[in-house]
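Participant: just need the structure, nothing else, for what follows:
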Amino acid sequence: MASDPITGFQRRYMSFGDMLGEWFYGFIMVAVVCGLLGGVSEILLNNNMGFGRTYLTVMLVFITFGVNIAWGIIDGTTVIYGGLTDKADLERTISKLKKDRNNKELRDKLLDSVGDSSVDYLPDAEKEKIVDRIIDEAPDAPVKYQMSRDDRNTLIAIASCDILAVIPVILPYLLLGFGKIPLLLSRLIASLAIGYICYLYSVHMGRNKWLTAGIFVIFTIVVMQITYYFGW
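Facilitator: Numbers count the residues shown, from 1 in each chain. This next block holds a predicted model:
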């Protein structure tokens, strides 16, 4: 993805994989909502209840941003508090090991957490030395854990992916109104965006990038068509 202040902020507080995943979620959600609203809009425009372009545009903006903002906040909050819970659990394990250093069950638990990082490449004997060093150096677990400034920025970074994903997908409706052309353009934008994200996934994992991107482009088009059908 291009280097810009927004991406720079997201990369500062999220891993590259997490950032791609959050953009993926954001585009999938707005694609589904636009699919549903696309079908509903044709019904509303063709009846005699007086629903015009302005009303439908406001409804589109309100619902798409509402859904993605809500998801972004929920996802960001669960990520932050999930991380704080894991940190508290780990630090309490270390506190118990300070009192019972040779407790195999607790050492294995701490070793598992160490193994989740690049330390996993080291031999077991070296890992055990690192565990001992952690036990010696780690402070006692605090009684209370609170969200820090970095945590709040992480929440903002996560939510921003979901929120910003809405804009390009609804842009054809905002510029051209409702009809076949904006519907097709919206589908194309969402599909290409998701395809590009999956392309980046594949580049980093050494997979067939064009095949993966193509599969998810088709997948997104199918999803939007199915939701359009149910919206109809």
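Participant: use CA for all of it now, contacts and neighbours both
Facilitator: OK.
Participant: output the contacting helices and strands for the longest helix that the chain contains.
Facilitator: Longest helix of the chain, by residue count under DSSP state H: helix 53-99. Counting contacts by 3 or more C-alpha pairs under 8 Å, 6 or more residues apart in numbering; DSSP states H and E, helix 53-99 is packed against helix 16-45, helix 104-114, helix 124-137, helix 149-164, helix 166-176.
Participant: now mean neighbour count, mean pLDDT and distance to Ile197 too, for these, in JSON lines please.
Facilitator: As requested, these are exported to JSON lines (neighbours: other C-alpha atoms under 10 Å; pLDDT from 0 to 100; distance: least, C-alpha to C-alpha, whole Å):
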{"stretch": "helix 16-45", "mean neighbour count": "21", "mean pLDDT": "82", "distance to Ile197": "6"}
{"stretch": "helix 104-114", "mean neighbour count": "15", "mean pLDDT": "81", "distance to Ile197": "29"}
{"stretch": "helix 124-137", "mean neighbour count": "15", "mean pLDDT": "83", "distance to Ile197": "35"}
{"stretch": "helix 149-164", "mean neighbour count": "21", "mean pLDDT": "93", "distance to Ile197": "12"}
{"stretch": "helix 166-176", "mean neighbour count": "19", "mean pLDDT": "92", "distance to Ile197": "15"}
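Participant: same list, those helices, but as JSON lines with distance to Phe62 please.
Facilitator: Shown next, in JSON lines, are the helices and strands packed on helix 53-99 (distance: least, C-alpha to C-alpha, whole Å):
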{"stretch": "helix 16-45", "distance to Phe62": "11"}
{"stretch": "helix 104-114", "distance to Phe62": "42"}
{"stretch": "helix 124-137", "distance to Phe62": "49"}
{"stretch": "helix 149-164", "distance to Phe62": "12"}
{"stretch": "helix 166-176", "distance to Phe62": "11"}
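Participant: how about those, which one is nearest Leu188?
Facilitator: helix 166-176 (8.6 Å; C-alpha to C-alpha).
Participant: just want the angle from that closest one to helix 53-99.
Facilitator: Relative orientation of helix 166-176 versus helix 53-99 (axes from the mean of the first three to the mean of the last three C-alpha atoms, to 10 degrees): 180 degrees.
Participant: name the next helix or strand downstream of helix 166-176, please.
Facilitator: helix 180-205 (DSSP states H and E).
Participant: still on that earlier bit, which among the helices and strands packed on helix 53-99 is found nearest to Ile226?
Facilitator: helix 16-45 (7.6 Å).
Participant: related to what we said a few turns ago, can you tell me which of the helices and strands packed on helix 53-99 comes nearest to Phe9?
Facilitator: The nearest among those, by C-alpha to C-alpha, is helix 149-164 at 6.8 Å.
Participant: packing partners of the closest one?
Facilitator: Helix 149-164 packs on helix 5-13, helix 16-45, helix 53-99, going by 3+ C-alpha pairs under 8 Å, 6+ apart.
Participant: mind redoing it with 6 Å?
Facilitator: helix 16-45, helix 53-99 (3 or more C-alpha pairs under 6 Å, 6 or more residues apart in numbering; DSSP states H and E).
Participant: list of residues touching it?
Facilitator: Applying C-alpha atoms under 6 Å, 6 or more residues apart in numbering, the contact partners of helix 149-164 are 10, 13, 22-23, 26, 68-69, 72-73, 76.
Participant: now, among the residues you listed, which is nearest to Lys98?
Facilitator: Tyr13 (31.7 Å).
Participant: right, I'll leave it there.
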